[in-house]
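Visitor: 3D model of this:
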Amino acid sequence: MIKGKKGAFSDLFIFMIVALAIVFICGVFIFIGGKATAEIHEKLDGTNYAGNENVTEIVDDTFGHVNQAYQSLYWISIMLIVGMVISIFIGSYLVTTKPIFFIPYAFIVIIAVVVSVGISNAYEMVIADPTMSSTFAGFIGANFILLNLPIWIAVIGIVGGIIMFVRMGSKEDQMYGGNPYG
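Guide: Presented below is the predicted three-dimensional model:
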């Protein structure tokens, strides 16, 4: 058991920031990969620089495979976000807290929901921009979570709180000699 774990109160804010960063970074990689490949094809298609090799084939065999690999970022991003949700629940289980902290935890969840409204609205504006809208259209699961972020934060916060505060007087701590109140 991890002693002195104090992370459950800030996990919701870390989740929002990291989820948004993951989707933006993956989106930028996919966008730049596609743009770079298109530009290289536009400039070099039909030329023969390396003896008898066609540059189009070389580009497809190199950058084409990179772009295929970048396509997996669509589902990798959602798996990372789901993994963070699971880690919040595991972290809530590992934290033993005093009942007095229920009130501050409730306020933190409310503040996190309010902050998530602004993040969700800003994300909606970013993905509506015509420059990168086609790139972000592929993030089906991540878009669903980030566009409905206040609901997700409320559910994750409430479930995490239930896990954390229900466990505070469990028999497991008493059985192994631990003190459930600190």
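Visitor: D60 versus I140, what's the distance?
Guide: Taking Cβ to Cβ, to the nearest Å as the measure, I140 falls 27 Å from D60. Every residue, glycine included, has its C-beta placed from N, CA and C.
Visitor: which one of those two has more residues nearby?
Guide: Set I140 next to D60 and count neighbours by other Cβ atoms under 10 Å: D60 wins out with 14 against 11.
Visitor: lowest-confidence helix or strand of the chain?
Guide: The weakest-scoring helix or strand in the chain, judged by mean pLDDT, DSSP states H and E, is helix 171-175 (a mean of 52).
Visitor: for this protein, which spans come out with low pLDDT?
Guide: Low-confidence segments of the chain (pLDDT under 70): 1-8, 46-53, 168-182.
Visitor: if you set the cut-off to 80 instead, what comes out?
Guide: 1-9, 44-60, 96-99, 167-182 (pLDDT under 80).
Visitor: T96: what secondary structure?
Guide: Classification of T96 by DSSP: H, G, I helix; E, B strand; the rest coil places it in coil.
Visitor: and what of A36?
Guide: State at A36, reduced to three classes by three-state DSSP: helix.
Visitor: now the nearest residue to it once chain neighbours are set aside: which helix or strand?
Guide: Excluding its sequence neighbours, the residue lying closest to A36 (Cβ to Cβ, 6 or more residues apart in numbering) is F63, at 6.6 Å. Per DSSP states H and E, F63 falls inside helix 55-71.
Visitor: and that helix, how far from the chain's centre?
Guide: The chain centroid and the centroid of helix 55-71 are separated by 27 Å, computed with Cα atoms, centre = their mean, to the nearest Å.
Visitor: these two touch, right, M16 and P150?
Guide: No - the pair M16 / P150 is not scored as a contact, 10.1 Å apart, by Cβ atoms under 8 Å.
Visitor: who has more neighbours out of those two?
Guide: Comparing M16 with P150 by other Cβ under 10 Å, the one with more neighbours is M16, at 21 against 18.
Visitor: check contacts around that one.
Guide: Residues in contact with M16 (Cβ atoms under 8 Å, 6 or more residues apart in numbering) are 112, 115-116, 119, 149, 153.
Visitor: what helix or strand is it located in?
Guide: Assessed by DSSP H and E, M16 sits inside helix 11-44.
Visitor: what of V126?
Guide: Per DSSP H and E: helix 102-128 holds V126.
Visitor: buried ones in stretch 93-110?
Guide: 93-97, 101, 105, 108-109 (16 or more other Cβ atoms under 10 Å).
Visitor: repeat for stretch 56-63
Guide: Per 16+ other Cβ under 10 Å, stretch 56-63 contains these buried residues: 56, 59, 63.
Visitor: what distance do you get for the second one to N67?
Guide: Same thing as V59. On the measure of Cβ to Cβ, V59 and N67 end up 10 Å apart.
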